[in-house]
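Visitor: Give me the fold of what follows.
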Amino acid sequence: MSGIHPTAIVEPGARIAASARVGPFCTVGADVELRDGVTLVSHVAIEGHTLLHEGVHVSPYASIGLPPQDLKYKGEPTRCEIGARTILREHVTVHRGSVGARGHTVVGADCLLMAVSHVGHDCRLADRVILANNVMLGGHVQVGEQVFIGGGAAIHQLVRIGRHAMVGGMAGVTNDIPPFGNVFGLPARLVGLNVIGLRRRGFSKDNLAQLRLAFRFLFRENGSVFAEKLVTARGRYADDVLVMEVLDFIASPERKREMARPGRMTADDEDEA
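Guide: Residues are numbered from 1 along each chain as shown. Just a heads-up that it's a prediction; the model follows:
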């Protein structure tokens, strides 16, 4: 294959599309599949049952599909998958799944994983997720569509982050983040909606107004316990698809962590209070 540099090491059994490019000093394991248009720039290591979909671009010194950092793991054939057109920058690490869980680490399509970010075993990232430099995702973390996680943020294992949420740089996240939320700090606190992100993605003023009212009722107003607020909100916002998405996320049986606790409102919420 002309797309494989002579210094690359490709084990027998690896499936590499004719249009894929494997650059200098890359290593590709026997159970790896690289589909059309995949580019491994140089010094990339890919192991295990790992699939890179069309157009994935991997920068130097990234490693994909290496064993999970889990002492229970004994070499079982777990998987790793990277979605189409995703970009992995320098020194990114994405580990394959572990035994006793899903056994499958997934990064969605059109994601950007900036330099030195880490995706732990059994994580699931939806499409168009951005991890800034040095972001660390513990095992089993779930990240929804179009989430942005700022540089140096650390996400505890089993945390769920709802779609269109924003995590501030250097945040320490130990609790779930609802869809459309904005968290910041160490420990991370829910400081309101991801207003800027939602505006950029075309959410209407009415969408933002209803979400803001629901967030304030659920996470800021006093006077009733949280479980009672959830019941009240289901009646009050039954016709609002976005608010119901937030409520369904909170009630999900996949939930392993508490919801993020509220902090001081952002300037956007204060200005429009």
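Visitor: In the helix ranked longest in the chain, which residues are buried?
Guide: Determined from DSSP state H, the single longest helix within the chain is helix 205-219. Buried residues in helix 205-219, counted by 16 or more other Cβ atoms under 10 Å: 207, 208, 210, 211, 212, 214, 215, 216, 217, 218, 219. Using the backbone N, CA and C atoms, a C-beta is placed for each residue, glycine as well.
Visitor: Show me this protein divided up by domain.
Guide: 9-140, 199-271 (automatic domain parsing).
Visitor: what ranges do the helices span in the protein?
Guide: 195-200, 205-219, 226-236, 241-251, 267-271.
Visitor: As JSON lines, the ones you listed with mean pLDDT and distance to residue 90 would be great.
Guide: Shown next, in JSON lines, are those (pLDDT from 0 to 100; distance: least, Cβ to Cβ, whole Å):
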{"stretch": "helix 195-200", "mean pLDDT": "97", "distance to residue 90": "26"}
{"stretch": "helix 205-219", "mean pLDDT": "97", "distance to residue 90": "37"}
{"stretch": "helix 226-236", "mean pLDDT": "96", "distance to residue 90": "43"}
{"stretch": "helix 241-251", "mean pLDDT": "98", "distance to residue 90": "33"}
{"stretch": "helix 267-271", "mean pLDDT": "55", "distance to residue 90": "34"}
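Visitor: quick one: which of these is nearest residue 78?
Guide: Each of these has some distance to residue 78 by Cβ to Cβ; the shortest is helix 241-251, at 27.0 Å.
Visitor: Compute the inter-axis angle for the closest one and helix 205-219.
Guide: 30 degrees (axes from the mean of the first three to the mean of the last three Cα atoms, to 10 degrees).
Visitor: which helices and strands sit right next to helix 241-251?
Guide: Contacts defined by 3 or more Cβ pairs under 8 Å, 6 or more residues apart in numbering; DSSP states H and E place helix 241-251 against helix 205-219, helix 226-236.
Visitor: Report the buried residues of that helix.
Guide: 242, 243, 245, 246, 247, 249, 250.
Visitor: how about a markdown table for those, with distance to residue 236 added?
Guide: Output for the buried residues of helix 241-251, formatted as a markdown table (distance: Cβ to Cβ, whole Å):
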| residue | distance to residue 236 |
| --- | --- |
| 242 | 13 |
| 243 | 8 |
| 245 | 15 |
| 246 | 12 |
| 247 | 10 |
| 249 | 17 |
| 250 | 15 |
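Visitor: show me what contacts the closest residue to residue 174 other than its chain neighbours?
Guide: Distance criterion Cβ to Cβ, 6 or more residues apart in numbering; nearest residue to residue 174, sequence neighbours excluded, is residue 156 at 4.4 Å. Going by Cβ atoms under 8 Å, 6 or more residues apart in numbering, residue 156 touches 138, 141, 172, 173, 174, 257.
Visitor: Need the residues that contact stretch 231-243.
Guide: Applying Cβ under 8 Å, 6+ apart, the contact partners of stretch 231-243 are 179, 180, 207, 210, 211, 214, 217, 218, 224, 244, 247.
Visitor: Need the residues you listed in CSV (columns: distance to residue 100).
Guide: Formatted as CSV, the contacts of stretch 231-243 follow (distance: Cβ to Cβ, whole Å):
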residue, distance to residue 100
179, 28
180, 32
207, 40
210, 41
211, 37
214, 37
217, 39
218, 34
224, 39
244, 33
247, 31
